[in-house]
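> Mind looking at a prediction? Sequence and model below.
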Amino acid sequence: MISKEALFAFSLFPYLGFLWFITRSGQMPKLALYGFYGTLVFVAVTIPAGIYALVHYGDTLANVDWLHGSAEVFLTLTNILIVLGFRQAVMDKKKSISESQKG
């Protein structure tokens, strides 16, 4: 059976492929793209935080509230960037549609 850690590590490859394709497409709103890349920051922060929780507290990251919450801040920030990026893209599209209908 595959361990959770191995599955987690393997899941990075499809995500990196996703990032490669959306970056090359040129269709992704910039702010949302930054948010998707920020998810890698979340992963980069979570791994050392998990190791620290295990070594210092002898427990998993999920059970060390202050450390887990601090790591989750990065995920929250990336989600906010993604939502704001798509919101701006929708607003820009609506504006361009209304301007083309006027002219």
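Yep, it's here.
> Give the next helix or strand downstream of whatever helix or strand F36 lives in.
Assigned by DSSP states H and E, F36 belongs to helix 30-52. Next in sequence after helix 30-52, counting helices and strands by DSSP H and E, comes helix 65-102.
> what angle separates that following helix from helix 30-52?
Following axes from the mean of the first three to the mean of the last three CA atoms, to 10 degrees, one obtains 170 degrees for the angle between helix 65-102 and helix 30-52.
> any weak-confidence spans in this structure?
103 (pLDDT under 70).
> which residue packs closest to the spatially most central residue of the chain, ignoring adjacent ones?
Centroid-nearest residue in the chain, with CA atoms, centre = their mean: T39, separated by 2.6 Å. Leaving aside its chain neighbours, T39 sits nearest to T78 (5.0 Å; criterion: CB to CB, 6 or more residues apart in numbering). To be clear about C-beta, it is placed using only N, CA and C from the backbone, and glycine gets the same treatment.
> Tell me how many other residues crowd that neighbour.
Using other CB atoms under 10 Å, T78 has 20 other residues around it.
> try T46
19.
> Now it: closest residue in space, sequence neighbours ignored.
Using CB to CB, 6+ apart, the closest residue to T46 is A71 (4.8 Å).
> wait, doesn't that neighbour sit right on L61?
Yes. Under the criterion of CB atoms under 8 Å, A71 makes contact with L61 at 6.8 Å.
> Quick check: neighbours shared by these two?
Here A71 and L61 have 46, 49 as joint contacts, going by CB atoms under 8 Å, 6 or more residues apart in numbering.
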